[in-house]
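Undergrad: Show me how the following folds:
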Amino acid sequence: MFTVYVIYSEKYNKIYIGYTSDIDQRLLSHNELGKTGFTMKYRPWKLIYTEVFPEKSEAMKREKQLKSAKGREFVWKLVG
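TA: Okay, the predicted model is just below:
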């Protein structure tokens, strides 16, 4: 199973869209373990949306949709 997720940094008003096979470990990485990358700069992150898919290819397709202009519009509506 693969999870497409959206995390939000309220402090910096940033969103991040990704997918993973282990959501708990991935969130830990975004908030504590990661040493480099985009998400490290904007901690803390809060999980605001998930979708689960049986196949990696489906998760990758949905992640790409959410990163499109229409997808980001949907995601920002989740933020409020």
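Undergrad: contacts, neighbours, all on C-alpha from now
TA: Fine.
Undergrad: surely Y42 meets I15?
TA: No. Look at Y42 against I15 with CA atoms under 8 Å: they stay out of range, at 9.4 Å.
Undergrad: what residues are shared contacts of these two?
TA: Residues touching both Y42 and I15 (CA atoms under 8 Å, 6 or more residues apart in numbering) are S9.
Undergrad: Skip ahead from the helix-or-strand element of the chain with minimal mean pLDDT and say which helix or strand is next.
TA: Here the helix or strand of the chain ranked lowest by mean pLDDT, DSSP states H and E is helix 38-41, holding a mean of 94. The helix or strand immediately downstream of helix 38-41 is strand 46-53, counting by DSSP states H and E.
Undergrad: Output the contacting helices and strands for that next one.
TA: Here strand 46-53 touches strand 2-9, helix 69-79, going by 3 or more CA pairs under 8 Å, 6 or more residues apart in numbering; DSSP states H and E.
Undergrad: I'd like these as CSV, with distance to I23, mean neighbour count and mean pLDDT appended.
TA: Formatted as CSV, the helices and strands packed on strand 46-53 follow (distance: least, CA to CA, whole Å; neighbours: other CA atoms under 10 Å; pLDDT from 0 to 100):
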stretch, distance to I23, mean neighbour count, mean pLDDT
strand 2-9, 7, 22, 98
helix 69-79, 18, 13, 96
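Undergrad: any chance of those in JSON lines, plus distance to A59?
TA: Below are the helices and strands packed on strand 46-53 laid out as JSON lines (distance: least, CA to CA, whole Å):
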{"stretch": "strand 2-9", "distance to A59": "6"}
{"stretch": "helix 69-79", "distance to A59": "14"}
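Undergrad: between those, which gets nearest to L28?
TA: L28 lies closest to strand 2-9 among these, at 11.9 Å (CA to CA).
Undergrad: And the contacts of that closest one?
TA: With CA under 8 Å, 6+ apart, strand 2-9 has contacts from 14-23, 42-56, 59-60, 62-63, 75, 79.
Undergrad: returning to what we had before: for the least confident helix or strand of the chain, list every residue counted as buried.
TA: For helix 38-41, a neighbour-count test (16 or more other CA atoms under 10 Å) marks T39, M40 as buried.
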